[in-house]
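> please work out how this folds:
(one chain, ligands or ions: 1)
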Amino acid sequence: LYVDHPLGADQRVSLTRDQAHYLFGVMRLDVGDAVALFNGRDGEWQTRVGVANKKGGDLVCQVQTRAQVGPPDLWLVCAPIRKERLSFMVEKAVELGVARIVLMQTDFTQDAKRVRLDKLQAVAVEAAEQCEALVVPEVVGVEKFSTLMGGWDAARRILFCDEAAAGRPSVLPDVIAGPWAVVIGPEGGFSDTEREVLQGLAAPVSLGPRILRAETAAVAALTVWQARLGD
Ligand code: SAM
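Alright, predicted model coming up:
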């Protein structure tokens, strides 16, 4: 379970109403039962339920079961797509070990105004809990493509996924450690101007000869990156 609270020996962690509902209402846990906690900073701790009631309660830290490790310094930079598909993309990106998800407004982005960052962040929390990550990636944006790419830090290498690059021999990036970003366009793809800007920052890579939906492209590209450079 993810908590926004310091973790350490004998530390008591109070639960929100939603967490108490989940642990005591849905999971039917009771006083003395074990719960694993993480907060993105202090590793994973085994705790026991101290107080349990429907509206709240607390957990008491006992022993650290995993030291803190972060995901690799990999971002997913993508344009908002339709709600369910964007939730899917965030969930899978967290499972595939990104450190940050940056949403950008591109020329052909449709749904930027309807983005609910709080909901997407909740999806990221649930995905991190499910896959036993020790960090919840932040979901940020929506940033303008021109601002984001105009101020791009050259030290962060880009895996620019471009369906127009089909036929290239390999999508695999060179094995270069350090910060990376997988960049995926919106449902309508990147405009010619955006493609030019991106080509100035990175060579376009293909994920195969078919045109993938943005969320499929994100999963495929992150998998390729992890297979090559992940740890
Ligand atoms: N241009 C098409 C259109 O008009 O709908 C498709 C864009 S595609 C749905 C969205 C994004 O997924 C693209 O901008 C690109 O980043 C990525 N993508 C899709 N298929 C790809 C492929 N075969 N290789 C590399 N990237 C791909």
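> which helix or which strand is home to the most centrally placed residue in the chain?
When Cα atoms, centre = their mean is applied to the chain, the residue found nearest the centroid is V94 (3.6 Å). Using DSSP states H and E, V94 sits within helix 83-95.
> which elements pack onto that helix?
The contact analysis (3 or more Cβ pairs under 8 Å, 6 or more residues apart in numbering; DSSP states H and E) places helix 83-95 against strand 74-78, strand 100-105, helix 117-130, helix 214-229. All C-beta atoms are positioned from the backbone trio N, CA, C, and that covers glycine.
> who does the third one touch, helix- and strand-wise?
Looking back up the chat, that one is helix 117-130. helix 83-95, strand 100-105, strand 138-144.
> Throw the ones you listed into TSV and include mean pLDDT and distance to G185, thanks.
Below are those laid out as TSV (pLDDT from 0 to 100; distance: least, Cβ to Cβ, whole Å):
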stretch	mean pLDDT	distance to G185
helix 83-95	96	12
strand 100-105	97	9
strand 138-144	94	14
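> do you know how far the residue lying closest to L117 once chain neighbours are set aside is from H5?
Leaving aside its sequence neighbours, L117 sits nearest to V139 (Cβ to Cβ, 6 or more residues apart in numbering; 5.8 Å). Distance, V139 to H5, by Cβ to Cβ, to the nearest Å: 21 Å.
> the more surrounded of the two?
Between V139 and H5, counted using other Cβ atoms under 10 Å, V139 has the larger neighbour count: 25 against 16.
> bridging residues for that one?
Assessed by DSSP bridges, V139 has beta-bridge partners I101.
> okay, it and the ligand: tell me how far apart.
19 Å (Cβ to the nearest ligand atom, to the nearest Å).
> correct me, but that residue touches A122?
No - shown here, V139 and A122 do not form a contact pair, counting by Cβ atoms under 8 Å, at 9.5 Å.
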